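S.K.: following is a predicted model, sequence given first.
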Number of protein chains: 4
Amino acid sequence: MYSFANDYSEGAHERILEELTRTARRQTGCYGIDEYCDAARAAIQQYLQSPASEIHFLVGGSQTNLIVATMVLRPHQGMVSAASGHVNVHESGAIEATGHKVLALPCDEQGKLTAQQVDDYIQGHYDDDTAEHMVQPGMVYISNPTENGTIYTKQELTELKAVCEKWKIPLYMDGARLGCALTSHANDLTLSDLAKLTDIFYIGGTKMGALFGEALVINDARWAADFRSIMKQRGGMLAKGKLLGIQFHQLFQDGLYYQLAEYANKQARRLEEGVKKLGYGFLVETPTNQIFPILPKTVLQRLSDRYSWSFWSKVDDQHDAIRLCTSWATREDMVEAFLADLAEAGE
Amino acid sequence: MYSFANDYSEGAHERILEELTRTARRQTGCYGIDEYCDAARAAIQQYLQSPASEIHFLVGGSQTNLIVATMVLRPHQGMVSAASGHVNVHESGAIEATGHKVLALPCDEQGKLTAQQVDDYIQGHYDDDTAEHMVQPGMVYISNPTENGTIYTKQELTELKAVCEKWKIPLYMDGARLGCALTSHANDLTLSDLAKLTDIFYIGGTKMGALFGEALVINDARWAADFRSIMKQRGGMLAKGKLLGIQFHQLFQDGLYYQLAEYANKQARRLEEGVKKLGYGFLVETPTNQIFPILPKTVLQRLSDRYSWSFWSKVDDQHDAIRLCTSWATREDMVEAFLADLAEAGE
Amino acid sequence: MYSFANDYSEGAHERILEELTRTARRQTGCYGIDEYCDAARAAIQQYLQSPASEIHFLVGGSQTNLIVATMVLRPHQGMVSAASGHVNVHESGAIEATGHKVLALPCDEQGKLTAQQVDDYIQGHYDDDTAEHMVQPGMVYISNPTENGTIYTKQELTELKAVCEKWKIPLYMDGARLGCALTSHANDLTLSDLAKLTDIFYIGGTKMGALFGEALVINDARWAADFRSIMKQRGGMLAKGKLLGIQFHQLFQDGLYYQLAEYANKQARRLEEGVKKLGYGFLVETPTNQIFPILPKTVLQRLSDRYSWSFWSKVDDQHDAIRLCTSWATREDMVEAFLADLAEAGE
Amino acid sequence: MYSFANDYSEGAHERILEELTRTARRQTGCYGIDEYCDAARAAIQQYLQSPASEIHFLVGGSQTNLIVATMVLRPHQGMVSAASGHVNVHESGAIEATGHKVLALPCDEQGKLTAQQVDDYIQGHYDDDTAEHMVQPGMVYISNPTENGTIYTKQELTELKAVCEKWKIPLYMDGARLGCALTSHANDLTLSDLAKLTDIFYIGGTKMGALFGEALVINDARWAADFRSIMKQRGGMLAKGKLLGIQFHQLFQDGLYYQLAEYANKQARRLEEGVKKLGYGFLVETPTNQIFPILPKTVLQRLSDRYSWSFWSKVDDQHDAIRLCTSWATREDMVEAFLADLAEAGE
């Protein structure tokens, strides 16, 4: 049984485990104030090139999102998101539990927000006579790649940032799989661009080869003042903060983060091409490590004892769209095996 | 420079890191549903002997406390705690951020709640004509060991549990350093007792030799129904939940947890005896891995470039009480060195 | 300038003010425990015929809704509502501020939820593999009349209640304008029916001739235990609770509530017929005190210095839908004047 | 049976009811934007003399306190209060339900905070190595009169304000019975002083002769930006806002507010002198409308079928301290009757 169900079924890259092992009995400072966290920050800054940005390390993505919402939003404000956004659908109401509404805007299978759409929405809010009785848009949330594996171009992000500046609200990017965006063949953004084109974003580790961990980058100092207390309050401050520092240091000191993401993307492309060659279509075309083929249920049935995936949506009575997800640890031989078995199952 | 400042300055025991390394590329289920978590649960149950208890794994202690408060308390209820309790002082208002008041009862240097005190307080609440306008006591929080390193006896815990049952509210024990309580020379409680004498408790891993992690034991099924959704909502569900399973499996499959705690206690006793032999007293006598000697400031000044500790309280103009904390990784040679240096500094 | 903008522009019916004046210096109990509240409860029970139901009095509708959400929902649960529901749009995020998501279901211009739609939604939730990561439907919110002035039939309500029972969640009805539903020509429900067909509902006073006030009826005792403490906590307990008792006693002791609502409906019908006679259509046909004519912008422009109304939605470049709202205090002569002026403006 | 139990057992002064009656069918704007609210603001400003201050009207005191906390505090901040403060004891955890800890400082029977005490506390917070893990003091709450009927002098308030400015946090005064402070023989503060010496305060109406209502005065514009949306969100925006405007206009257009408070104080002095003359002492000496005599239980027993009061505290086995509270509506003949009966009961 081999899983293409997600990119967090495995543990972590060996280099990370070696360093954790090597340092097992070293004493350091706690709560994210230690030499490994400092080294990780410096390593990330090589790519970020934004000395004014603050970098904090957190354990998981939902935790990061809810802490950012807590830090940024005034009590009467909400978080603008695509309806398909992780914060709107798959965090058990984490944002609402901080007291804030997710202001969900409709989106298509691309799962993206457009600058025009956000601008129209906010304009509409303030044009409404009853705006005072409505949740005020207080920040914009996007993810890159999106839930649907698509990515934002530099042009799109520049436009979104301009709209946010027009309305004086921050743009926040969830980068749970950011490596796969930045190393995509379709990408024209760098980490350094993100320091300029977002107010806050995070570099996901959990899905990109770390045991766990997300590096939150706060580009606008206005948001950073209270961060550590809020992080502690929401249960997000790791006692042995160095565990996050060690991991991100390993990932960024010499580009391992990019290599692992590139590897995941490469396996996804291999799967994508193989599926296409067999004549199947896709729910949406994506340039990252998640692909969404539409396959006959009969075929899926035949494969289900050897492979697992995520069901995505029903297309028609005979066909489902599924998600195949690759990772830094996906085995190339299993990609080939899957494609061969898929070919056979479709005969 | 050697630190006795706390028990989370080091990483984790080698056995844990070996197993994490060995399993680095194994695919498993996610979010705490995998074979390692199952194995860890079975290993803990060897000691717990309480098949009806549910065991969940979380990353940190404040996170665990705030999730338990969220799960247990009705909106108008508060958490009864000793004034010195971690939830009242050192979690940046995590409990209040879930909407609930910490009902702090006075305590002495022992840092313990007594059954009589809790009963009187709750009786007083319901006797008050204005009880409806006051926060209703909804659960009792204790920690074992307490913040001050003391422990509860089986008799004391039995009485506290009886008071909680009288008032139909759960008793919750924070076991951040539970190993050090259970292996203390003064202890008469077992894990199996805790399954009967508390409604909910947690077995701390972070401070007991794990990289991180706490095993929450829910003995009363009434509280468990919604647990996983609430855990997710509060950012406490680890994607690679197996990391917690692997650690607790290692700690409990053959008693490593107890050995590590016993080791920490032993170093604390060694320090305690050495300090006593030099004629110094203690703020409070403790039978676990935290000791609180009262030392002249001049002496502390002389040691401060070679050792670190936690300042605890000012005793008088010449003396401070400090906390020395040992761990599974405390070096015996450094304990001896500290005592020798302390002797010299006091001359 | 005469306003048809809403039904809370005026004060209160004279009978209410006379009784408030008559009792101005009488001493009574406080916080809703007094003889006037008792009398009001008894008066409502004449119609309710549900001795097991508890009746509490609150000041306003948003306050009532947020207190009900607080009382009913577990932390990980949300409130199912039509997308156009007041709780979803016009309460500044009051529900989210209690920590709960509004689960908004699409609706048409009728603004109603159907039993089928709710059942499908909840079934879909539990069928989803990731349900644990999604907000659990914890209650169903409807309003009667809806935001759009339509009403539920006994059949529709019976079906909705059956779905709620199937999923073991309460059905809550916001009755801000309940009188106008119950006295509508299209209505087949009684207050006594609502005691059986909802778990909780409220009888709106603010929009029905009181100075302010809503009578919350809790039919299922399971929800009532903690109500008064939660009401106090959320700022909803009026010190001089008798003010609510006095008002609802006046409204229900001899049917004044129904008379005032009937009067408001009658003026709306008069407006509706007059508008129809002039050849104009409606966005949605309603049987209560809100009507939604579609009128040429030029006509509206001509009337705008003598009348006010609520803009509802743009229909096309030449036409807007507006809301005309009548009340217990709407002047018949002004209804006639408006229709005459409308006729003239359309020539 | 006559009650001295509190100052909200009666309705409202006749002038208020006359004006409510006179305006019962007048159409006005809603939600606090109408000519009566404007007139009330202007009337208050005659005394306030602070054109930059914003004035908003709310229904009740707990509601006002929780909305101010929501508006002012950052997520990790708490509200400093005397341990006996209303927010700490008698609001069912309303502040905590907004997510914020009440940081309770010890106080004596006077129920006051001193500038020195607040300064020491905040200094201690920032001096603590673990301040980041502790709730940050974010505002100071006092009430005037206090819960115990005492009042702040101009000197004391000036010093408290200076400490708040030193630490850059706002000073908030709960003025539920403000009239009784301002008209006390011991008072040297004016409404105009409060505009300078607090950041936010409220002028209580509910306990001072209104049906209900509190006028919140926001002196520092920084806090006012989001106020109305937050007020709406927390259920504090009254649809018929003019009801508050009408009441405060009546109370302030020609000094009725002061006259009513003066009357209540006068009756309290009369009671106080009578009690003293009979040889009884007081738990605390107060210059406002609450007095706290210490009386033999046997005497109280004898009076209990003709008078009611609030039990305050047990003094010894034979004596209780009670609270006698007068109001704008207290009958002079009943004051005399009570004193005569007390004399007789003590024989």
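M.R.: Thanks, I have the structure now.

S.K.: from here on, contacts and neighbour counts on C-alpha atoms
M.R.: Will do.

S.K.: now the helices for the stretch 1-150 of chain A?
M.R.: A:14-22, A:35-48, A:61-72, A:86-89, A:94-97, A:115-127 (DSSP state H, counting those that start in this stretch).

S.K.: and the third one with chain C, contact?
M.R.: No. Using CA under 8 Å from any CA of the partner chain, helix A:61-72 stays clear of chain C, coming no nearer than 10.5 Å.

S.K.: list the contacts of that helix.
M.R.: A:58, A:79, A:87, A:91, A:94-95, A:98, A:100, A:138-139, A:174, A:176, A:204, A:213-214, A:216, A:223, A:226-227, A:230-231, A:234, A:236, B:232-236, D:75 (CA atoms under 8 Å, 6 or more residues apart in numbering or on different chains).

S.K.: hmm, 6 Å instead?
M.R.: A:95, B:235 (CA atoms under 6 Å, 6 or more residues apart in numbering or on different chains).

S.K.: equivalent analysis for the longest one, please.
M.R.: Helix A:35-48 is contacted from outside by A:191-192, A:242, A:245-246, A:248-249, A:252-253, using CA under 6 Å, 6+ apart.

S.K.: can you give me the buried ones in it?
M.R.: A:36-45, A:47-48 (16 or more other CA atoms under 10 Å in any protein chain shown).

S.K.: show me the domain layout of chain A.
M.R.: A:2-7+A:258-345, A:14-256 (automatic domain parsing).

S.K.: what is the end-to-end distance of the first one?
M.R.: As for domain A:2-7+A:258-345, its first-to-last residue distance stands at 16 Å under the measure CA to CA, to the nearest Å.

S.K.: tell me if that domain is near chain B.
M.R.: No. Using CA under 6 Å from any CA of the partner chain, domain A:2-7+A:258-345 stays clear of chain B, with a minimum separation of 6.6 Å.

S.K.: give me the mean pLDDT for that domain.
M.R.: Averaging pLDDT along domain A:2-7+A:258-345 yields 98.

S.K.: again, but for stretch A:141-157
M.R.: According to the model, stretch A:141-157 has a mean pLDDT of 98.

S.K.: which residues touch it?
M.R.: A:80-81, A:111, A:172-175, A:181, A:189, A:286, A:288, A:290.

S.K.: out of the residues you listed, who's the most crowded?
M.R.: residue A:288 (33 neighbours; other CA atoms under 10 Å in any protein chain shown).

S.K.: stretch A:220-228: end-to-end distance?
M.R.: End-to-end for stretch A:220-228, by CA to CA: 15 Å.

S.K.: the helices in the stretch 151-300 of chain A, which residues?
M.R.: A:154-166, A:178-182, A:191-197, A:227-233, A:242-252, A:256-277, A:297-303.

S.K.: returning to that earlier point: can you select the buried ones from the contacts of helix A:35-48 in PyMOL?
M.R.: Selection command for PyMOL covering only the buried members of the contacts of helix A:35-48, criterion 16+ other CA under 10 Å:
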select buried, chain A and resi 191+242+245+246+248+249+252+253
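
S.K.: tabulate the contacts of helix A:35-48 in TSV, adding columns for distance to residue B:8 and pLDDT.
M.R.: Supplementary listing: the contacts of helix A:35-48 in TSV, determined by distance: CA to CA, whole Å; pLDDT from 0 to 100:
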residue	distance to residue B:8	pLDDT
A:191	33	98
A:192	35	98
A:242	10	98
A:245	15	98
A:246	15	98
A:248	20	98
A:249	20	98
A:252	25	98
A:253	26	98
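
S.K.: check the contacts of helix A:35-48 against chain D and report the nearest one.
M.R.: residue A:242 (17.9 Å; CA to the nearest CA).

S.K.: so what's the closest one up against?
M.R.: With the criterion set at CA under 6 Å, 6+ apart, residue A:242 makes contact with A:32, A:36-37.

S.K.: out of the helices of the stretch 151-300 of chain A, which is the most enclosed?
M.R.: helix A:178-182 (a mean of 28; mean count of other CA atoms under 10 Å in any protein chain shown).

S.K.: for it, give me every contacting residue.
M.R.: A:145, A:203, A:258, A:261, A:288.

S.K.: now flag whichever of those residues is closest to residue B:8.
M.R.: Ranked by distance to residue B:8 (CA to CA), the contacts of helix A:178-182 are led by residue A:203 at 25.9 Å.
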